[in-house]
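Q: dropping a prediction and its sequence here:
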Amino acid sequence: MDKHEETEKRLSREQLLKLTAAAGGATLLGGRFDTAQAAIERLGAESGRLQVLDWPGYGNDGGQAMFARYVKTHPNNKPQFTQMTSESDALGRIHAGFKPDLFRPYVGWVKYFATSGLVQPWDTKQISNFKHLNPFMVKAGQYNGKQYGIPDDWGFDAILYRSDKVHPKARSWGLLFDER
């Protein structure tokens, strides 16, 4: 990227605030111009690629329905996936400096992520179909009146049984109501 392209790059609100803080802090502390320049270079190193922290086995190739519009808009820039093994793993990675653009924790952890100071709530006005989402699921993603989680899917359950003791008539949820 040449110098002209670098100055023309759009900065996100977060990047602009970080740059302003770095430059202001350097000025207050009598820092030199190279401190602010280092901040600009760090921002220039941002890949622009959507960073997703997600569970293994969720088809993490950008082909999921939730990424369809993004991939269509950015066909040569599929999301970059990093796998998490648990919510505590995700929280630990974020505490350690990993900065995913989005991730998908279990809804029971919304409070922990919200109070960590490491994530920000969604601006739901930016989500055109937000009003059509299931209100119960939307509420589950809130903490202190702010929307930290946007529902995409709702858990999964499986029926487990001992095949040496149980011989189902069919493999279905009806097994739960089988008197045998």
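A: Cool, the structure landed.
Q: ok, residue 83 - how many residues close by?
A: Using other Cβ atoms under 10 Å, residue 83 has 14 other residues around it. The way it works is simple: take the backbone N, C-alpha and C, and place the C-beta from them, glycine included.
Q: return the residues in contact with it.
A: 53-56, 60 (Cβ atoms under 8 Å, 6 or more residues apart in numbering).
Q: ok, now residue 100?
A: Applying Cβ under 8 Å, 6+ apart, the residues near residue 100 are 51-53, 82, 94.
Q: and residue 13, what pLDDT?
A: Residue 13 carries a pLDDT value of 61.
Q: returning to what we had before: most neighbours out of the contacts of residue 100, which is it?
A: residue 52 leads these on contacts (other Cβ under 10 Å) with 24 neighbours.
Q: mind listing the strands the host helix or strand of that residue pairs with, and their directions?
A: Counting by DSSP states H and E, the element that carries residue 52 is strand 51-54. Next to strand 51-54 in the sheet, as set by DSSP bridges, lie strand 80-83 (parallel), strand 102-103 (parallel).
Q: now render the ones you listed as CSV, adding mean pLDDT.
A: Output for these, formatted as CSV (pLDDT from 0 to 100):
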stretch, mean pLDDT
strand 80-83, 90
strand 102-103, 88
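Q: so can I have CSV of these showing distance to residue 89?
A: Converted to CSV, the strands paired with strand 51-54 look like this (distance: least, Cβ to Cβ, whole Å):
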stretch, distance to residue 89
strand 80-83, 9
strand 102-103, 11
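Q: of those strands, which approaches residue 70 most closely?
A: Residue 70 sits nearest to strand 102-103 of all those, at 10.4 Å, using Cβ to Cβ.
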